[in-house]
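Novice: Compute the structure for the input listed below.
(4 chains)
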Amino acid sequence: MLFWIALISVVVMLSAAVAVLLLENYLAATAALSVVSLALSVLFIVLQAPDVALTEAAVGAGVSSVILAITLRRVGLWKIEGEK
Amino acid sequence: MNAIWLVILPILGAFLLPLVYRQNTRVGTWIGPFILGLSLILAFGLWGDIAANGVQTILMGGFPAPVGIVFYVDHLALLFVIMLVLGTLVLWLGKEKGNIQEETLLLLIVAGGSGLVLSGDLFNIYVFYEIVAVASYGLAASRGSYAASLRFLILGALGSSLLLLGIALIYAITGTLNLAHLATHPEILQGTVGLTAFALILIGLGVKAELFPVNTWVPEVYTTASARISALLGGLISKMALLVILRLLVLLYDTSAAHLLLLTLGVLGVITGELAAMRATHLRQVLAYSSIGQLGLVAIAFSIPGPAGIIAGIALALHHALVKPALFMLTKAWGKQLSHLAGASQSLLTTILFLVLALSLIGIPPLPGFWAKFLLLKGALATNIAAYQMVITVVLIATVIETIYFMRIVRVMFNTKPPPIKAPALQELVPALVFVTLLFISVLNLGTIGKSLEIVATSAADKSIYMNFLPL
Amino acid sequence: MTLLSGLIFTIGLGLLLIVVIKSLIFEQVLTGGIGSIILEQAPNDVGTANIVSSVLLAYRGLDTLGELTVLFVAATAVGLVLGQPRPDAPRDPDAGFILRSAADLLFPFMIILGAYIILHGHLTPGGGFQGGAILAAAFFIPILASPSSPLNHKVSSLVEGLAGSAFILIGLLALFDKGYFLAPLLGTGEVGELFSAGSLPLLYLAVGLKVGAELAGLLARLHETEV
Amino acid sequence: MEETAGIYFFSYSGALGLILLGVFAMVTSRHIIRIILGLMLLEAGVNLFLIIIGYRANAIAPIIVEGQNAAMVDPIPQALVLTAIVIGVAVQALALALVIKTYKAYGTLDTKELAQRIAEESGTHVIDGIPTEEKQV
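Specialist: Model prediction:
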């Protein structure tokens, strides 16, 4: 059971991390980054670290994505479509 | 007397500074100097305590050594704390008042720097290093040089992450973070994993210590930030990181591989820094590159095993901590391109100050710079290892290059053809004057300073004193 | 050129780390360490059910103070960099009525959730940092919904200054009382009870308030900056 | 036993992947936002690495529950990671504030261009720490 959860969360995490690097649209890359954080917090639970999982979900996926999104809005990179 | 106050006081002051400023501006402006002065008195008191009763270890929360965090207070750490607090206090002179955020950051950088050298716990060192790092990104941006500060931050953040990775590796193989506890198993750290960890930590701390591959931020930040901040970062903060590297070398990595790694980085730093300084066209930039070179010399000295290297390193670091901030404070009046300096010799006081500082940096006897370099040569010769004999050549070449670029600056200064630039006001010269006065005081007391440095270095090089307090 | 050298650096680091991880897995290195000592001693020394929080606040309390300081440094530096926004600066338009009322409705629930997580930090997963992040969100969501009523920075900086000082003062009380900075005070109590672990819940409260005020201030400052 | 080995293997490869992708993005990208995204990946990877170090086979989370007497995982790396996560967010916030200001001042977020602009403005002609020949104006 834990085996499969670990496998799935690592695969999701790494593919989201690759997406962070490849996505042209920065808003989409930010979304992919919060997917990385969420998958990471699942992995933290598998590794018996519930405290860290909570923090990663609240701070990593929550606060830091919001900060990034605000910044993208202020520097004019807030675009829903993928075009430049 | 408890050394924890050296860290707690500035932090408490910084937390309360914005609140006090809102109530009463006049009181607010005096908080910073008052706390720094208090720390200085405390540090001197502790120095006396240690001279009388030996080194102190302070347990946080009362938990015994390897489990809890420990501060290790010896003369070496205190010397660097005093240097940092005194230097910041002098740089505070003539500062325009009322910039709340800058004053807060200055207090916090002092707290972080003091914690960095006092702490005896690897992760605690990382936390204090981050305080210093984040405060210096903020200070570097305080005069509107956002882009330079951003590039500094990116490099620094990469370094900090690698530093944390190195600490994680050490914890993985030893299960402890306490430096003294680690020092009881040096053989574990000398395998592949341990040396990888050392290399990662060296990259991480090297960003602040201006070591060779990760010092590209130096010229950018020092030319765009204010003179005071450049003086603080280049002259004082960089040595704190170097001292941590020295501690790691003495306690954990007393092997030739680690020593040679630091030696190589130091030699490369000296050569690249001095060569670049010769090509630089901007006064601040010359000073920035020369600071890379000087810190490279300190790194070389620290890489020499035994007390001789530590004495030389401390001497070089202290000398640089007096001279470089003073030089940076002089550029406040006439920064910019070297060609703008033409006719600067009109102001007699400035010229004398500059000449004294430059000559000491080059190493003309009887100025202290000579003795520092002499100690380095003596230490390197005494090792009888081929790699260190090469150092002598490097030091001599560096000295020649330093002479060339400082004499070039002086020649421009005495060139009176174009209309001479405005002489700086006396008030702007106060910090530089104080630093030069300290320099002269040290010339007059060379004998006593040399003796006490020797005591400091011998106790710092002896890792059995450090491990004594372990109850295991 | 940059791509090539970057690639070489990354591959080099990768190979090094693979070697390191291999030796971490296959060569069982020094066991024991301070972790197992703490697992044995923590219930008696500190008296928390959640041992991570006793590490955070008792054994490594100075790290937590340092971390609060890093947050404070960052908030101060952000304030220094962004400066004060002009009062007449153009603001984002208000979100619609539904979003605004939803934000208002959400506010008390998030405050309660944050307070619950902070106060139970010594018993269950969670504590000052997680609860603080939720408190920050509670104050930030209404700002997003109606940007015309900004966060009161005076209040948030008052809270962060006082909460940070409270943490240090509890530590100093321990210094005068027991001789050690941040030593646990007030006894340990019964492990697992809400009122247990001595001064730890108080420290967590200070941490939570400080983190909350700091993050809310950071988010609001970034949000307020002009384009 | 098989299960534990699998969890170790996947977690280590996850940490390694995050660290390498993060470092790669940081050293090769020119756009600052991408570099900061890489920094976040790197930090996440290092945090995961620390947590794996504390993980023990068949151990439970370090929270005392009455009537349970199983071995627990090492609590120290978890405390360290909690600290590191918050520090990471603090650094990111400062970085992004600087990004906003930099964009306002220069209108670009390309590091190479920024380096050139800094060099021109301060009249230093330094790019990436190497002085270049002074341009004839």
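
Novice: what about the residue nearest the centre of chain C, which helix or strand?
Specialist: Using CA atoms, centre = their mean, the residue of chain C that lies closest to the mean C-alpha position is C:F129, 3.0 Å off. If you go by DSSP states H and E, C:F129 is part of helix C:128-145.

Novice: Now look at the helix or strand just after that helix and say if it contacts chain B.
Specialist: Using DSSP H and E, the next helix or strand after helix C:128-145 towards the C-terminus is helix C:153-178. Yes. Contact of helix C:153-178 with chain B (CB under 8 Å from any CB of the partner chain) involves C:154, C:157-158, C:160-162, C:164-165, C:168, C:171-172, C:174-175, C:178. C-beta coordinates here come from the backbone N, C-alpha and C atoms, glycine included.

Novice: what about dumping the CA coordinates of the helix holding C:F129 to PDB?
Specialist: The C-alpha trace of helix C:128-145 is given here as PDB (Å, rounded to 0.1, in the frame of the first residue of the first chain):
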ATOM      1  CA  GLY C 128       3.100  27.600  15.400                       C
ATOM      2  CA  PHE C 129       4.300  27.600  11.800                       C
ATOM      3  CA  GLN C 130       1.300  25.800  10.300                       C
ATOM      4  CA  GLY C 131      -1.200  27.700  12.400                       C
ATOM      5  CA  GLY C 132       0.600  30.900  11.700                       C
ATOM      6  CA  ALA C 133       0.400  30.300   7.900                       C
ATOM      7  CA  ILE C 134      -3.400  29.700   8.300                       C
ATOM      8  CA  LEU C 135      -3.800  32.900  10.400                       C
ATOM      9  CA  ALA C 136      -1.900  34.800   7.700                       C
ATOM     10  CA  ALA C 137      -4.300  33.300   5.000                       C
ATOM     11  CA  ALA C 138      -7.300  34.300   7.100                       C
ATOM     12  CA  PHE C 139      -6.100  38.000   7.100                       C
ATOM     13  CA  PHE C 140      -5.000  37.900   3.500                       C
ATOM     14  CA  ILE C 141      -8.100  36.500   1.800                       C
ATOM     15  CA  PRO C 142     -10.300  39.400   2.700                       C
ATOM     16  CA  ILE C 143      -7.600  41.700   1.200                       C
ATOM     17  CA  LEU C 144      -7.700  39.800  -2.100                       C
ATOM     18  CA  ALA C 145     -11.500  40.000  -2.100                       C
END
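
Novice: by contact count, what packs against that helix?
Specialist: helix A:50-55, helix C:97-119, helix C:200-224, helix D:75-106 (3 or more CB pairs under 8 Å, 6 or more residues apart in numbering or on different chains; DSSP states H and E).

Novice: one step back: ok, the residue nearest to the centre of chain C touching A:V59?
Specialist: Yes. In this structure, C:F129 is within contact of A:V59 by CB atoms under 8 Å, at 7.0 Å.

Novice: so what sits against both of these two?
Specialist: D:85-86 (CB atoms under 8 Å, 6 or more residues apart in numbering or on different chains).

Novice: buried ones in stretch C:219-227?
Specialist: Going by neighbour count (16 or more other CB atoms under 10 Å in any protein chain shown), the buried part of stretch C:219-227 is C:219-225.

Novice: Put together TSV for these, with pLDDT and distance to chain A on each row.
Specialist: Output for the buried residues of stretch C:219-227, formatted as TSV (pLDDT from 0 to 100; distance: CB to the nearest CB, whole Å):
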residue	pLDDT	distance to chain A
C:L219	85	6
C:A220	84	10
C:R221	83	10
C:L222	82	5
C:H223	82	5
C:E224	78	10
C:T225	76	6
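
Novice: contacts with chain A among the residues of helix C:153-178 next to chain B, please.
Specialist: Okay, of these, nothing touches chain A (CB under 8 Å from any CB).

Novice: ok, which pair from the residues you listed is furthest apart?
Specialist: Farthest-apart pair in the residues of helix C:153-178 next to chain B is C:K154 and C:K178; separation 36.2 Å (CB to CB).

Novice: Identify the residues contacting B:L118.
Specialist: B:3, B:6-7, B:71-73, B:77, B:81.

Novice: ok, so of the residues you listed, who is nearest chain D?
Specialist: Comparing the contacts of B:L118 against chain D with CB to the nearest CB places B:V7 closest, at 16.4 Å.

Novice: can you give me the helices for the chain?
Specialist: As the question left the chain open, I've gone with chain A. Per DSSP state H, chain A carries helices over the ranges A:2-22, A:26-46, A:50-55, A:64-74.

Novice: wait, I meant chain D there
Specialist: Under the criterion DSSP H, helices of chain D are mapped to D:2-28, D:32-54, D:75-106, D:111-122.

Novice: residues touching the residue most central in space within chain A, list them.
Specialist: Note on chain A: the residue nearest the mean C-alpha position is A:S34, at 2.2 Å, using CA atoms, centre = their mean. By CB under 8 Å, 6+ apart, the residues touching A:S34 are A:60-62, A:65.

Novice: need these in a markdown table with pLDDT and distance to chain D, can you?
Specialist: Shown next, in a markdown table, are these (pLDDT from 0 to 100; distance: CB to the nearest CB, whole Å):
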| residue | pLDDT | distance to chain D |
| --- | --- | --- |
| A:G60 | 83 | 6 |
| A:A61 | 84 | 10 |
| A:G62 | 84 | 10 |
| A:S65 | 89 | 9 |
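
Novice: Make a ChimeraX selection of the buried ones in the residues of helix C:153-178 next to chain B.
Specialist: Buried residues within these, by 16+ other CB under 10 Å, are selected in ChimeraX with:
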select /C:157,160,161,162,164,165,168,171,172,174,175
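
Novice: Go through the residues of helix C:153-178 next to chain B and say which is closest to B:N445.
Specialist: Closest to B:N445, out of all of these and judged by CB to CB, is C:L175, at 36.2 Å.

Novice: If you average the pLDDT over stretch A:48-56, what comes out?
Specialist: Taken as a whole, stretch A:48-56 has a mean pLDDT of 88.

Novice: same thing with stretch B:252-271?
Specialist: pLDDT averaged over stretch B:252-271 gives 89.

Novice: can you pull the buried residues of it?
Specialist: For stretch B:252-271, by 16+ other CB under 10 Å, it's B:252-255, B:258-259, B:261-263, B:265-271.

Novice: That one and chain C in contact?
Specialist: No. Stretch B:252-271 lies out of reach of chain C by CB under 8 Å from any CB, never closer than 14.0 Å.

Novice: and if you look at stretch A:56-63?
Specialist: Yes. Remark: stretch A:56-63 sits within contact range of chain C at A:58-59, A:62-63, by CB under 8 Å from any CB.

Novice: Just give me the closest of the residues you listed to chain B.
Specialist: Distances from chain B to those, taken by CB to the nearest CB, are shortest for A:V59, at 15.7 Å.
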